[in-house]
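Peer 1: Can you look at this prediction? I've put the sequence above it.
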Amino acid sequence: MEKLLIDSAAKHVNVNKNKKGFKISPLFDSLWEFMIFLLAAMGALLIIMIFLFILLKSWKIFSASGLQIITTTGFEEQIRQAYNAPADLPVWKFGMLSLIVGTITTTLGALIVAVPAGVGTAVIICEMSSGWLKRFLESSTRLLAAIPSVIYGLVGLMLVVPFISGNLLTVEMQMKYLEYFQLTGNSMLAGIIILSFMIVPMVIALSVDAINAVPKEYREASLALGITKWRTITLVVIPAAKSGILAGVILAAGRGIGEAIALSMVSGASAVLPSLSHGFVFLFTPVLPLASAIVNKSQAISIPSIEAALFACGVILLVMCSFLSICTKIIESVVRRRQGLE
Amino acid sequence: MNKIRDSLQQSFAWLSALITIVACFSIIVFLFLKGYKAISFEFLTTNPNPTFQAQEAGGILSPMAGTFLITIIGILIALPWAIATAIYLSEYAKKNLITSYLKIAIDVLSGVPTIVIAIFGVALFTMPAFGFLSSMIEGIEGANKAFGKSFFVCSMGMAVMVLPYVIKTCEEAVKAVPVSYREASLALGASKRSTITKVVLPSAKRGIITAVILGMGRIIGDTAIVWLLLGGSIRMTGPQPWWHFANWLDTLKNTGSTLTTYIFFNSPAGEGNKAELAFGASIVLIIIIILLNTVADFIGSRGAVKEE
């Protein structure tokens, strides 16, 4: 009501055209508003457009492979067949199980490393440090977040991969697994190490936000009961910040799933299905996550069926990431509602 | 017993903080140790050459120019779009289904991996209707397709990629402007448009500048979009000399490289396989990013002081 009054008052004055004030032209105003609506609508339609375009481009793959696309393996071989297939007999059947498993294992592995470390660092930043140490930690976290993925990939390739192949792999192991895959340093483990450094700043940043949002009274009440500072943190603060931290973890998982360049550089670039029956060599399996597959096979994108296959990878990625984003959104709204009630 | 557990947990937290710091610095120190030899005046001022001889490989002038071009054009496309959306969300949007859909759409968009945006760009800009942004494929019979790789196309992909981040930062900045400012302006007889353009946006200037810097940082660091929408060549492929004023449109319609693809190309994973040059370019990239971060911090801290 108040707003309406102000609006109508404004209009009234405008008609009288105050000399000193703004030049008013209703036509230009409505044109301007229309532009704003148009741009906002374009932003809203963008995600639908992305989804439609990618789905249309890969439709043949999905209709030819059906559910087999997520239940069978053999991506590498199928790409080779598609590459050599005659133009009138293209290969539309692809099985991406090994890519999906590669994506999930690298991301889960990185989360297992990054979440405890990230939450620990966030606790130190929020509760245990102050002054220069706090600022120093915050700025190095921010810098770690700002380092481009290609540099992580380069460091991984020049530092982590040689370390793995030099210290952890032996010739006997390489001989033993030669029939399954080549054991070079480029492996799932290298991918996990690099990915965990890439997502740890994200976990830290969102955990810091969540911990800072915990009301001061919680801490004071706990401390007043004679509980030590550290117990207060582990028994009161972190449980209260749990949902916010979970939202951060999900966001970080999305980042890990979508990471393409760094993983394509260090994780081995061959679509092998990692198998737990290999024991700890499981970690040294070369894998090809979905996002890296797109980068890796993009040289052959001029062949229609390979192009469609890469778009199918994109669809699977998009579905996974959208699902995670919506989960984060739901958790956030739950948190907000709970805070509103309290 | 509990005491032991407490101190174990505490030392774990300190250890992880320590690892974060050590990782951050060891990455930077590692890059400098490996790459400082590559950096020279010549490295920064010559164009790269696709060759196997390390002596003739040239420098990173055109990749730096490419990064600059992509960043500027990308942010020029993204910023008006983002400001308009932010204004819509904070000034016009009513509480209804459409608004909540828009908010969810932006959130989902911010979670879309850059590689997916890159292949979306491939799907969109290889359509013949968008041939004017890159070039048409000629010489293949029956192929009615655009090439889909150029500085223009890549900048648009980047704009889509940074859009949600810039929208969020701009929206926060616009929402932080006190309502009393708006009321004062409206009471003076200004229209809603004048209020927004002359009062709200100038007051939100600092936040918008921060948004621009954050967006630039993301564009500079991205590789996947450049790799698919600008291509794997490391030279400017337009008519030479590419920096000549008469060729600007052709340069932008042709392909080239940025610092990130230069690093990828010259790393052992790419085709160039000259790791030292990749490290040299990484140092330049890191320095640019640290500078941008410092500027953003500086603006943020000045704002904080003023508000106090």
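Peer 2: Done, it's in.
Peer 1: How about chain A: which residue is closest to chain B?
Peer 2: residue A:258 (2.4 Å; Cβ to the nearest Cβ). From N, CA and C alone the C-beta is placed, and that goes for glycine too.
Peer 1: For that residue, the count of nearby residues, please.
Peer 2: 26 (other Cβ atoms under 10 Å in any protein chain shown).
Peer 1: just residue B:268 next, same as before
Peer 2: Count around residue B:268 with other Cβ under 10 Å applied: 15.
Peer 1: And residue A:169, what's its pLDDT?
Peer 2: Residue A:169 carries a pLDDT score of 74 in this model.
Peer 1: one step back: excluding its backbone neighbours, what's nearest the residue of chain A closest to chain B?
Peer 2: residue B:113 (2.4 Å; Cβ to Cβ, 6 or more residues apart in numbering or on different chains).
Peer 1: Repeat that for residue B:13.
Peer 2: Closest to residue B:13 by Cβ to Cβ, 6+ apart is residue A:120, at 3.7 Å.
Peer 1: Tell me the first helix or strand C-terminal of the host helix or strand of that neighbour.
Peer 2: Per DSSP states H and E, residue A:120 falls inside helix A:97-123. Going down the chain from helix A:97-123, the next helix or strand is helix A:131-146, by DSSP H and E.
Peer 1: Quick check: the residue of chain B nearest chain A.
Peer 2: residue B:113 (2.4 Å).
Peer 1: Burial check on that residue, number of neighbours?
Peer 2: 25.
Peer 1: Likewise for residue A:332?
Peer 2: Neighbours of residue A:332 using other Cβ under 10 Å come to 15.
Peer 1: from memory it sits against residue A:247, does it?
Peer 2: Yes - assessed by Cβ atoms under 8 Å, residue A:332 is found in contact with residue A:247 at 5.6 Å.
Peer 1: Going by neighbour count, list what's buried in stretch B:257-273.
Peer 2: Residues of stretch B:257-273 classed as buried by neighbour count (16 or more other Cβ atoms under 10 Å in any protein chain shown): B:257-267, B:269-270, B:272.
Peer 1: Oops, could you answer that again for stretch B:169-188 instead?
Peer 2: For stretch B:169-188, a neighbour-count test (16+ other Cβ under 10 Å) marks B:169, B:170, B:171, B:173, B:174, B:177, B:182, B:185, B:186, B:188 as buried.
Peer 1: First residue to last residue on it, what's the distance there?
Peer 2: Using Cα to Cα, to the nearest Å, one end of stretch B:169-188 lies 29 Å from the other.
Peer 1: so after the lowest-mean-pLDDT helix or strand in chain B, what's the next helix or strand?
Peer 2: Least confident helix or strand, chain B: helix B:248-253 with a mean of 76, by mean pLDDT, DSSP states H and E. For helix B:248-253, the following helix or strand on the C-terminal side (DSSP H and E) is helix B:259-266.
Peer 1: Counting by contacts, list what the least confident helix or strand of chain B packs against.
Peer 2: Under the contact criterion of 3 or more Cβ pairs under 8 Å, 6 or more residues apart in numbering or on different chains; DSSP states H and E, helix B:248-253 touches helix B:151-175.
Peer 1: Give me the pLDDT value at the residue nearest to residue B:119 when sequence neighbours are not counted.
Peer 2: With Cβ to Cβ, 6+ apart as the criterion, residue B:119 has its nearest non-adjacent residue at 4.7 Å, and that residue is residue A:314. Listed pLDDT for residue A:314 reads 90.
Peer 1: Pretty sure residue A:314 sits against residue B:114.
Peer 2: No - using Cβ under 8 Å, residue A:314 is not in contact with residue B:114, being 11.3 Å away.
Peer 1: Those two: which has the busier surroundings?
Peer 2: Legend: neighbour count by other Cβ under 10 Å for residue A:314 and residue B:114, higher for residue A:314 (31 against 26).
Peer 1: how about the helix or strand containing the more buried one: buried residues?
Peer 2: Remark: residue A:314 resides in helix A:304-341, with elements defined by DSSP H and E. Residues of helix A:304-341 classed as buried by neighbour count (16+ other Cβ under 10 Å): A:305-318, A:320-322, A:324-325, A:327-329, A:331, A:335.
Peer 1: go on, stretch B:93-102?
Peer 2: For stretch B:93-102, using 16+ other Cβ under 10 Å, the buried residues are B:93, B:99, B:102.
Peer 1: What's the mean pLDDT across it?
Peer 2: On average, stretch B:93-102 scores 86.
Peer 1: Alpha carbons only: can I get that stretch in PDB?
Peer 2: Extracted in PDB, the C-alpha atoms of stretch B:93-102 (Å, rounded to 0.1, in the frame of the first residue of the first chain):
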ATOM      1  CA  ALA B  93       9.900  -9.700  -8.500                       C
ATOM      2  CA  LYS B  94       6.800 -10.500  -6.600                       C
ATOM      3  CA  LYS B  95       6.500 -13.500  -4.400                       C
ATOM      4  CA  ASN B  96       5.100 -16.000  -6.900                       C
ATOM      5  CA  LEU B  97       5.900 -19.200  -8.700                       C
ATOM      6  CA  ILE B  98       7.800 -17.500 -11.500                       C
ATOM      7  CA  THR B  99      10.200 -15.800  -9.200                       C
ATOM      8  CA  SER B 100      10.900 -18.900  -7.200                       C
ATOM      9  CA  TYR B 101      11.400 -20.800 -10.500                       C
ATOM     10  CA  LEU B 102      13.900 -18.100 -11.600                       C
END
